[in-house]
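Visitor: Need a 3D model of the sequence below.
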Amino acid sequence: GVLLDLLRNYPTDRWLPAAVLSSARELATPLLIGLLDETSLHEETKDLVRPLASTIVGAGDEAQLRHVLSAVSQCDSRLQSSCLQGILDRVPPASASGIGQGGKWPVLDQLLLSEDGEVKELTVKLIVRLPGASRHGVNALFDRSLDEARDRKGTESDRLQALRILESAPFEMIEPLVSELIGPKESPAIQAAALESLNASRDARSGDAMLDGWSGYSPELRSAALAAIFSRENRIPALIEALEEGRVGPNDLSARQRERLATNKDSILAKRVTRVLQGDKNSVSADTAMSKFRTAITSVGNRLRGQEVFDRVCASCHQVEGRGFVVGPSLASITGKPNEALLLDLLNPSDKVDPEFRSYTVETRLGESFSGVLTADSPTSVTLLEAQNLEHVILRRDIVDLRSSELSLMPSNLGDILTCLLYTS
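Guide: Numbers count the residues shown, from 1 in each chain. Next comes the predicted model:
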């Protein structure tokens, strides 16, 4: 009672919450229940609910936890969410702590019926972690959520909530759904949420599932998928296999990600990665082309002739001094770059393609095909930009297939187009 009185009388004292938490280990349950019974709580006091709930779970007293949950069912959704989050902070997957072995949890069935989306999502997560909790209500909710997530006539917010609920569902239930939703007909938000529902799975097969539609992923989705794969060691073999098969390219990974793969603690996996990363298929042809044009590196250039070459070969995608179009990367980045490195980039343009300028191809239900750089990825359409700033806006409902290319928009035979004379000019 004393601690509760202090919180009532001094709600804005900046040091009081920390002092209460340090003193409340043995009194956490009555203090938390007292706070939940209060009709009006100051915001700073509400922030104590989550850590107090975690303290109760940490003590390992299941009876006290049941007592708290009964009180939680009677308070507002904000406090319900805070308390459930605090409990989840300390209840591990599969309830390794032993909490939840003492029978059913009917109060959770009641919370499962909440109109508040966050309360419902947190309750699902808790039920899945407590062995004694009834799964009947959760399984029925999973089935409804599958239908809601697939329903393109539903609101995006309802579909996103359904996908958040499905983060707690078994892998076998999530995987087919994700393969349907990570596609060009869906908005970026739906695709990202579908990937996140898969990311919540601890199943090793989730790595393969994340890479299944890789060639059709937007740059943002590729980044999210790689972050998810690197977040669990049991997904790494799937990525290495995709690299070996050429479904994922080494340049799709950041330098840090390549380093992590190459230094994997599993020596067999590390050796496989090294073979992939060192197997540069373009090295021989690039060396041959370099030798043909090497004299251009030391020759004196001619600005006017170089301008002619730029206008004929480069201006459709690059801009310099107001000439040309802004489709590819800015050429300002090559200032000060060694001539040999610049020549290699010209002769082997697909060796290193910035994800931002990766080429995508879209096929529509009308049989049309468009290619270009993906410049916009909205809930209802995608926008491709090709040479000479020609823009294509394609509605998602019309898209049959969307695939990325490992090749640069620059001509692969640029070495044949540029004679040594033209290059040195």
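Visitor: tell me the contacts of Ser218?
Guide: Listed by Cβ atoms under 8 Å, 6 or more residues apart in numbering, the contact set of Ser218 reads Pro188, Gln191, Leu374, Asp377. All C-beta spots, glycine's among them, are computed from the backbone N, C-alpha and C.
Visitor: Backbone dihedrals for it, please?
Guide: phi -70, psi 160 (degrees, to the nearest 10).
Visitor: And the pLDDT for it?
Guide: pLDDT for Ser218: 87.
Visitor: Please apply the same query to Leu418.
Guide: 62.
Visitor: can you check Lys352 too?
Guide: pLDDT, Lys352: 74.
Visitor: Weed out the non-buried ones from the contacts of Ser218.
Guide: Gln191, Leu374, Asp377 (16 or more other Cβ atoms under 10 Å).
Visitor: Looking at the residues you listed, which is nearest Thr274?
Guide: Nearest to Thr274 out of the buried ones among the contacts of Ser218 is Leu374 (Cβ to Cβ; 31.8 Å).
Visitor: And the helices in the stretch 251-400 of the chain?
Guide: For the stretch 251-400 of the chain, helices defined by DSSP state H, counting those that start in this stretch occupy the ranges 255-262, 267-278, 283-293, 295-298, 303-309, 339-347.
Visitor: Redo those as TSV? Include mean pLDDT and distance to Ser168.
Guide: Shown next, in TSV, are the helices of the stretch 251-400 of the chain (pLDDT from 0 to 100; distance: least, Cβ to Cβ, whole Å):
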stretch	mean pLDDT	distance to Ser168
helix 255-262	81	28
helix 267-278	90	30
helix 283-293	60	48
helix 295-298	70	60
helix 303-309	81	59
helix 339-347	78	48
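Visitor: Nearest to Glu62, out of the ones you listed?
Guide: helix 255-262 (40.4 Å).
Visitor: by how many degrees do that closest one and helix 267-278 diverge?
Guide: Using axes from the mean of the first three to the mean of the last three Cα atoms, to 10 degrees, the direction of helix 255-262 lies 140 degrees away from that of helix 267-278.
Visitor: to the chain's geometric centre, what's the distance from helix 255-262?
Guide: Centre-to-centre, helix 255-262 and its host chain are 18 Å apart (Cα atoms, centre = their mean, to the nearest Å).
Visitor: Also stretch 65-75?
Guide: 35 Å.
Visitor: ditto for stretch 326-339
Guide: 30 Å.
Visitor: Looking at the contacts of Ser218, which are in strands?
Guide: When the contacts of Ser218 are checked against strands (DSSP state E), the matches are Leu374, Asp377.
Visitor: from the contacts of Ser218, which two are the most distant?
Guide: So, these by Cβ to Cβ: farthest apart are Gln191 and Leu374, at 13.2 Å.
Visitor: ends of stretch 342-353, how far apart?
Guide: Terminal residues of stretch 342-353 are spaced 14 Å apart (Cα to Cα, to the nearest Å).
Visitor: Against Ala255, how distant is the residue nearest the centre of the chain?
Guide: The chain has Ala224 as the residue nearest its centroid, 2.4 Å off, counting by Cα atoms, centre = their mean. As judged by Cβ to Cβ, to the nearest Å, Ala224 and Ala255 stand 19 Å apart.
Visitor: Please report the number of neighbouring residues for Arg144.
Guide: Counted with other Cβ atoms under 10 Å, the neighbours of Arg144 add up to 12.
Visitor: Low-confidence regions, this protein specifically.
Guide: Along the chain, segments meeting pLDDT under 70 span 1, 39, 93-103, 279-290, 292-293, 295-296, 333, 411-425.
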